[in-house]
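Chemist: Prediction below, plus the sequence it came from.
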Amino acid sequence: MMRAKTETVVMNLRGILPVLAAVLVVLTAGAKAQQSLGDLVAQGGYEWLMGRWTATTDEGDKMLLEYKWELNKHLLSVHLKGPQYEYRGIIFYDAPKDQVVQVGVDGQGGNGKGMWEPMGEKALLKYEHTGSNWETNRMGLAHSKVNADTMKVEVYELNSSGETSNEPGGTLEFKRVKEKPAEKTKSKA
């Protein structure tokens, strides 16, 4: 009788052990923290990009650019607004491809996609945009920190293999928009 119970337990363990092993593999694989976009930004030293920025073009047009964290620093939202142009995009880390990706849409029906990578101390977005007229433009946008309140964005042409031109075709300097202090509410006595 004792032997029958022992054989039953061993038989049950043989069926359960592969299942337990599979569960442990899944749990330990999930226990490795997936690197977030926030981790990558911090490792690269690009936290200074976050926030609201404003610039004035050579033509005198005001531009507003905002990078804002969302979803526990797994997503950055991007908003660019000018007098006759508006763009919204998202930036995220595609772990299987080990790439930081940006996709977005503009207010004129155009859309685009690109990838971020380091370019020395600059953060470079290699971007392809297709406008509502079906014309596609490829560009590199190199973001560099001048100081805590100033960012420079250089626009480069991209060749067919995705390499940037040697010199930027244009540069725009952005100033950080200072956050207004929260107003204190008056308490009623």
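Modeler: Received it, and whenever you're ready, just let me know what you need.

Chemist: Mind listing the residues bridging to the residue positioned nearest the centre of the chain?
Modeler: The chain has Ile91 as the residue nearest its centroid, 2.8 Å off, counting by C-alpha atoms, centre = their mean. Note on Ile91: beta-bridge partners Leu76, Gln102, judged by DSSP bridges.

Chemist: Break down this structure into its strands, ranges please.
Modeler: 51-56, 62-70, 75-81, 86-94, 99-106, 111-119, 122-130, 136-147, 150-157, 170-176 (DSSP state E).

Chemist: Strand partners (parallel or antiparallel) of the second one?
Modeler: Spelled out, it's strand 62-70. If you go by DSSP bridges, strand 62-70 pairs up with strand 51-56 (antiparallel), strand 75-81 (antiparallel).

Chemist: Flag every buried residue along it.
Modeler: Going by neighbour count (16 or more other C-beta atoms under 10 Å), the buried part of strand 62-70 is Met63, Leu65, Glu66, Tyr67. For the C-beta atoms, the positions are set from N, CA and C on the backbone; glycine is no exception.

Chemist: Identify the residues contacting the third one.
Modeler: Glu66 makes contact with Gly51, Arg52, Trp53, Ser77, Val78, His79, Leu80 under the criterion C-beta atoms under 8 Å, 6 or more residues apart in numbering.

Chemist: Just among those, which is most surrounded?
Modeler: Counting neighbours by other C-beta atoms under 10 Å, Trp53 leads the contacts of Glu66 with 23 neighbours.

Chemist: Make sure that residue is actually in contact with Lys175.
Modeler: Yes: with contacts counted by C-beta atoms under 8 Å, Trp53 reaches Lys175, the gap being 6.7 Å.
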